[in-house]
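Engineer: Give me the fold of what follows.
(2 chains)
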Amino acid sequence: MSEATLPHEMPSVYEPSLFGTYSKKIGMWLFLMSDSLTFGALLYAYSYGRISTPNWPTPFHSESIVNATIMTAFLLTSSLTMVLAVRASTEGNAKAQRLWLLATMACGMGFVLLHGREWSKLIAEGLTLPVFPKPPGGETASEFVNVSKTVPQFAATFFGLTGMHMLHVTLGVVYLGIVALRRYFIPILLVFWLAAWLGTPAYSPFHYGAHVLLLAAIVCSIILWLKPKVYDSSDVEVAGLYWHFVDLVWMFIFPLVYLMSAKIL
Amino acid sequence: MATREFAAHDAHVHAAPTSWIRKYVFSLDHKVIGIQYFFLALTAVFVGMFLSLLMRIHLIWPAAALPLLGEIKPETYLTLLTMHGTIMVFFVLTTAPQGGFGNYFLPIQIGAPDMAFPVLNMLSFWVTALAFVVMLSAFFVVGGAPLHGWTGYPPLSALPAAGPGEALGADLWVISIALFCLGALMSALNFITTTLDMRAKGMTLMRMPLTCWAWFITAILGLLAFGVLLSAGILLLLDRNAGTSFFVPLVTINGQLTGHRGGSPLLWQHLFWFFGHPEVYIAILPAMGLCSQLLSVFSRKPIFGYKAMVYAMLSIGFLGFMVWGHHMFMSGMSPYTAFAFSVMTMAIGVPSAIKTFNWLGTIWKGRIRFTSPMLFALGFVSLFISGGISGPFLAQPVLDIQLHDTYFVVGHFHLIMGVASIFGIFAATYYWFPKMFGRMMNEGMARWHFFITLIGTYAIFMPMHYLGMAAHLRRYSQLTELKYLHGLVPLQEFMTYAAFVTIAGQFLFLFNLFWSMKFGEKATDNPWEATTLEWTTATPPPHDNFGGHIPVVYNGPYEYSVPGAPRDFIMQTDPAILKAH
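Structural biologist: So this is what the prediction gives:
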């Protein structure tokens, strides 16, 4: 797929672009560069906390690790379906493109749901932040209660890093939804918002976190109002860049946050 | 893949809006957005200046009862200091040269009809404007605005109980900074893509005016730096509201444990200054580019060492990411680390000196026209040298430990980062005002403004170096409480009087700006006889900048006094030079 040999029917009025590709793609690469520094700063904060804290706990039992591995599988599968969506779009196969995009979104949602379940379980077992309300039933005598008390950095970095990543996956699903279904995705997004808001108990962080979806729906509506256009294959490719990047970030978070804090270590 | 359609460039063109609100408020036109940024920065600079005036008054008359505001309390002094710094650094020095003039003139100077992503451009302005409103609202909430300084060092900034203004006011401060980061990131990637993708035929990278190079490099710095500040801001917000302890160790307030433990304030310092030092260059690089442009235009000579200027700016930008530790010499870092940061810092002196000598080489034996933009460009060089020369002193860890928390640092960064960049903004305003508003600014008022500001700022900030060497602490307002400061009070009084005069001079500028919009002399299309593309189009430029076509470029931007040419300048779009050779 050599983009240096673009078919231009008319001679361009511009100097050839430095990277021989279209603006949107360059813009996305630049955004990813800056986003990698945002995540880099978070990972730096995590390493800083971990190195400067004596007796960093390694409390994740096999159940968490298995769950995180399944989540990883979901994300890796979603990268494959994303590639297939990009291929379908370059072949001009609109139906296959939409189906593969929806499959990618389904994998992404599976990841978020599993992750949410994992968070809720850990919070119930006592790995929590002071801001999270106490789940009913009181604290169990788990070692997570002890970890939260003795090394608050552990919960802070865990929820901070994975939360930021979860936000990126969620916004990625919204982004793909807009590319696949355009304005028809807005009502679906509102349904998701209501389902997430009403379907989670009030003590769950996702009860309030669900409002991210409402905010996303508002911002997407504004953007679609400003730029009511038909998305073409380049939009699928650019969305794919974002999606693969979010996968890549997980490939750092999974070993650094989960595997390095597994019980066997 | 031959079936793929790349309607890349066509997508940039959008029709001229017809409704008032899409034309002047939610406009996609980079020129309107540039003017919006300019007025945002103008509002911010007067707010910031007013705060500094209150600080200067409090320093020498601590018990004075001011009309409406009453007596300024010591903690209010810290609030003023914090908000002055934050507003000036973010909403003036970052916003005006890049968001304002960059937005307006980068597309025109490279021959593009608009930025690469007009919608993103509009969003970045409105996010920045929202950030400014949130920042100002901190003044009006319970407890008032925060007092942790523009650097926001924890634990002070992380603990709502740490002082008045550290509750809701500090939350608003952090949220405003995070919003500003988002706006700056959107704007940065737009600038970079525009420069890479939308240069007119013949406008090779090495034919770009140095202003464009400066905006381009500034955007790269912004792209890499603001993402880190965004992360730091999010973590600070978590520390403040979610009970985490990224930046807070075990601390007590009035003997009470705060509930935080295990964090490190140094982590914030690293993250903040990894952003903070490039931020200094984000503020000064556009002024450097503009100054290079103006010295060449008004000396009627090509810029001295065009390529050297480009490489110098690139290396300043690159080295800017390697030196953040020199803000942290006081943090107890290893002397070996300090040494490394110190060497890297002094290395920045090399490209800076290259630029300075090239500026002097440019005006050397030139036929100088002392117009108001030229005066401000010369003033910039003067301030850049005066402020820069104290840099190598502060880059020495041994000297810095003595000077760090004194007025020496205040004098240093105000001259080089503050006033020098402001001189760049003034020069840009006087230079481009005719193109933006179709009229010339009044030259007499401009000259008065220049001399008052130049002499006034030197009178304010030069004495600070002496105060610093006499160990006068900064961020400290109770001058009468400490005996060893008594001898320095007359100097402080002199600086306050100088500030009164300088600030009065700025109202002359404000008056000139609005008066000239209405009553200024009508400007021709190329009043300064300059060569770059913005002077080839109508005044003010039409919606698509060049009236339905994209210019073709044949020459570099600094073809002045070319032997054999009919005029002493050759436009970039002028093919005549090809025939002459």
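
Engineer: now stretch B:386-395: how far from the chain's centre is it?
Structural biologist: 19 Å (CA atoms, centre = their mean, to the nearest Å).

Engineer: ah, wrong one, I meant stretch B:558-572
Structural biologist: 33 Å.

Engineer: Just the residues contacting that stretch, thanks.
Structural biologist: B:203, B:207, B:296-297, B:299-303, B:306, B:367, B:529-533, B:535-536, B:553-557, B:576-577, B:580 (CB atoms under 8 Å, 6 or more residues apart in numbering or on different chains). Heads up, the C-betas are built off the backbone N, CA and C, glycines and all.

Engineer: Mind giving me the ChimeraX select for these, buried ones only?
Structural biologist: Listed next is the ChimeraX selection for buried residues among the contacts of stretch B:558-572, using 16 or more other CB atoms under 10 Å in any protein chain shown:
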select /B:203,207,296,297,299,301,302,303,306,529,530,531,532,533,535,536,553,554,555,556,557,577
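
Engineer: Intersect the contacts of stretch B:558-572 with the contacts of chain A.
Structural biologist: residue B:203 (CB under 8 Å from any CB of the partner chain).

Engineer: so what's the closest residue to chain B within chain A closest to, chain neighbours aside?
Structural biologist: Here chain A gets closest to chain B at one residue, residue A:130, 2.7 Å apart by CB to the nearest CB. Excluding the flanking residues, the one nearest residue A:130 by CB to CB, 6 or more residues apart in numbering or on different chains is residue B:243, at 2.7 Å.

Engineer: for residue B:164, same thing?
Structural biologist: Leaving aside its sequence neighbours, residue B:164 sits nearest to residue B:143 (CB to CB, 6+ apart; 5.0 Å).

Engineer: Does that neighbour touch residue B:161 like I think?
Structural biologist: No - counting by CB atoms under 8 Å, residue B:143 does not reach residue B:161; the two are 10.7 Å apart.

Engineer: Pull up the overlap in contacts between the two.
Structural biologist: Contact criterion CB under 8 Å, 6+ apart; residues shared by residue B:143 and residue B:161: residue B:167.

Engineer: out of those two, which sits in the more crowded spot?
Structural biologist: Applying other CB atoms under 10 Å in any protein chain shown to residue B:143 and residue B:161 shows that residue B:143 carries more neighbours, namely 17 against 10.

Engineer: Enumerate every residue touching the more buried one.
Structural biologist: For residue B:143, the contact set (CB under 8 Å, 6+ apart) comprises B:164-169.

Engineer: Look at it and report its pLDDT.
Structural biologist: pLDDT, the model's per-residue confidence, is 88 for residue B:143.

Engineer: same check, this time on residue A:21
Structural biologist: pLDDT, read off for residue A:21, is 84.

Engineer: Secondary structure element holding it?
Structural biologist: In this structure, residue A:21 sits in neither a helix nor a strand according to DSSP states H and E.

Engineer: what's the burial count for it?
Structural biologist: Counted with other CB under 10 Å, the neighbours of residue A:21 add up to 19.

Engineer: go on, residue A:54?
Structural biologist: By other CB under 10 Å, neighbour count at residue A:54 equals 7.

Engineer: One more: the one 3 residues further on?
Structural biologist: Using other CB under 10 Å as the criterion, residue A:57 is surrounded by 19 other residues.

Engineer: Then residue B:508?
Structural biologist: Neighbours around residue B:508, by other CB under 10 Å: 16.

Engineer: Tell me the buried residues in stretch A:101-109?
Structural biologist: So for stretch A:101-109, counting by 16+ other CB under 10 Å, buried means A:101-105, A:107-109.

Engineer: And chain B, is the helix or strand containing residue A:146 touching that?
Structural biologist: Taking DSSP H and E as the definition, residue A:146 sits inside helix A:143-150. No - residues of helix A:143-150 are not located near chain B by CB under 8 Å from any CB, the shortest gap being 9.0 Å.

Engineer: who in the stretch 51-200 of chain B is up against chain A?
Structural biologist: Within the stretch 51-200 of chain B, the residues that sit near chain A (CB under 8 Å from any CB) are B:112, B:116-117, B:119-120, B:122, B:185, B:188-190, B:192-193, B:196-200.

Engineer: one more time with 7 Å, if that's ok
Structural biologist: For the stretch 51-200 of chain B, the residues in contact with chain A (CB under 7 Å from any CB of the partner chain) are B:116-117, B:119, B:185, B:189, B:192-193, B:196-200.

Engineer: Give me the three-state assignment for the residue in the stretch 401-550 of chain B positioned nearest to chain A.
Structural biologist: Among all residues of the stretch 401-550 of chain B, residue B:550 sits closest to chain A, at 4.0 Å; criterion: CB to the nearest CB. Following DSSP: H, G, I helix; E, B strand; the rest coil, we place residue B:550 in the coil state.

Engineer: Surely it touches residue B:202?
Structural biologist: No - with contact defined as CB atoms under 7 Å, residue B:550 does not reach residue B:202; the gap is 10.5 Å.

Engineer: Neighbour count: these two, which is higher?
Structural biologist: residue B:550 (20 against 16).

Engineer: Show the model's pLDDT score for that one.
Structural biologist: 87.

Engineer: which residues in the stretch 251-400 of chain B form helices?
Structural biologist: Secondary structure of the stretch 251-400 of chain B (DSSP state H, counting those that start in this stretch): helices located at B:265-299, B:306-319, B:335-347, B:349-363, B:372-389, B:391-394, B:397-403.

Engineer: now the angle from the second one to helix B:335-347?
Structural biologist: Regarding helix B:306-319 and helix B:335-347, their directions subtend 160 degrees when assessed with axes from the mean of the first three to the mean of the last three CA atoms, to 10 degrees.

Engineer: phi, psi of residue A:60?
Structural biologist: The phi and psi values for residue A:60, taken as degrees, to the nearest 10, are phi -70, psi 120.

Engineer: per-residue pLDDT, it?
Structural biologist: Per-residue pLDDT puts residue A:60 at 90.

Engineer: Identify the bridge partners of it.
Structural biologist: residue A:262 (DSSP bridges).

Engineer: What count of nearby residues applies to it?
Structural biologist: Residues lying near residue A:60 (other CB under 10 Å) number 23.

Engineer: ok, now which ones touch it?
Structural biologist: A:258, A:261-263 (CB atoms under 7 Å, 6 or more residues apart in numbering or on different chains).

Engineer: Give me the buried entries from these.
Structural biologist: Buried by 16+ other CB under 10 Å: A:258, A:261-262, out of these.

Engineer: Low-confidence stretches in the chain?
Structural biologist: If you meant another chain, say so; for now it's chain A. Applying pLDDT under 70 to chain A flags residues A:1-11, A:138-141, A:230, A:265.

Engineer: Let me rephrase: I mean chain B.
Structural biologist: Along chain B, the model assigns pLDDT under 70 to residues B:1-13, B:576-581.
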